[in-house]
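**Student:** need the 3D shape of this:
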Amino acid sequence: MTRPRPPAISPEGNLVDISPADLEGDISDEAWSYDAKENRFRLNLAFVGTDLGIKVMNHGKTLDQKIEALTPGLDRIEAIFRACDVIQPHYVRPWMAIVREAAVWWLRETDWSDADYIETPEDDGRSMADEVRKEGVTLETALIRLKERIVQIYRDMRWDDGTLVEDRAERAQKAFTAGSERLAYFAGRMTPHA
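**Tutor:** Below is the predicted model of the structure:
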């Protein structure tokens, strides 16, 4: 008797135990997460979905049109998963659900088609979180770097007339909360808000 293979989805939820050499197809380099302790790569399904969302972003389209435009990319990723001998077929559907959820979440987060865009502290926090994510650091390090950047921006925030913004600490907290939620989501530690 052989022991059953452990589930491919890691405890983090978005990371799956598959190596870049196992997949024949175009998967963004940013979707691969390297675990130095175990000396291996894992595929971050949320990053795969985000990459699909970024590819269909076109501010001339409505949100529904952007979501519809995800279909060819989702079909391509599913075909890559199904063609892989290492991926057990029953994993494809739940993995694709995570990819699609992340892609739609990204499109909703970045959709400004319904109103004029006004940057909020939450927008600042999410933008800074995306910049920190690109640095390829752990969640803990990313949170430290995010906090440092927010403190730097909001510490001396002033109005156009030169006076200090009175609620800058509250704005900084909102930015940090939104940014840390985004970092945690991409690290697989939480699900996006509805």
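**Student:** pLDDT-wise, which helix or strand of this protein ranks last?
**Tutor:** Least confident helix or strand, the chain: strand 32-35 with a mean of 82, by mean pLDDT, DSSP states H and E.
**Student:** would you mark the buried spots in the helix or strand following it?
**Tutor:** Using DSSP states H and E, the helix or strand that follows strand 32-35 in sequence is strand 40-44. Buried residues in strand 40-44, counted by 16 or more other CB atoms under 10 Å: 41, 42, 43, 44. The way it works is simple: take the backbone N, C-alpha and C, and place the C-beta from them, glycine included.
**Student:** mind checking how far whatever helix or strand comes next after strand 40-44 is from the chain centre?
**Tutor:** From strand 40-44 onward toward the C-terminus, using DSSP H and E, the following helix or strand is helix 45-56. With CA atoms, centre = their mean, to the nearest Å as the basis, helix 45-56 stands 8 Å off its chain's centre.
**Student:** check stretch 99-110 too.
**Tutor:** A distance of 9 Å separates the centroid of the chain from that of stretch 99-110, by CA atoms, centre = their mean.
**Student:** circling back: now tell me what touches the least confident helix or strand of the chain from outside.
**Tutor:** 15, 20, 40, 41, 42, 43, 44, 47, 136 (CB atoms under 8 Å, 6 or more residues apart in numbering).
**Student:** neighbouring strands - and their directions - for it?
**Tutor:** strand 40-44 (antiparallel) (DSSP bridges).
**Student:** compute the distance from the centre of the strand it pairs with to the centre of its chain.
**Tutor:** Relative to its chain's centre, strand 40-44 lies at 14 Å (CA atoms, centre = their mean).
**Student:** so it versus helix 45-56, what angle?
**Tutor:** Relative orientation of strand 40-44 and helix 45-56, computed by axes from the mean of the first three to the mean of the last three CA atoms, to 10 degrees: 50 degrees.
**Student:** state the mean pLDDT of strand 40-44.
**Tutor:** Strand 40-44 carries an average pLDDT of 87.
**Student:** quick revisit: report the buried residues of the least confident helix or strand of the chain.
**Tutor:** Quick answer for strand 32-35 (16+ other CB under 10 Å): 32, 33.
**Student:** repeat for stretch 80-89
**Tutor:** 80, 81, 84, 87.
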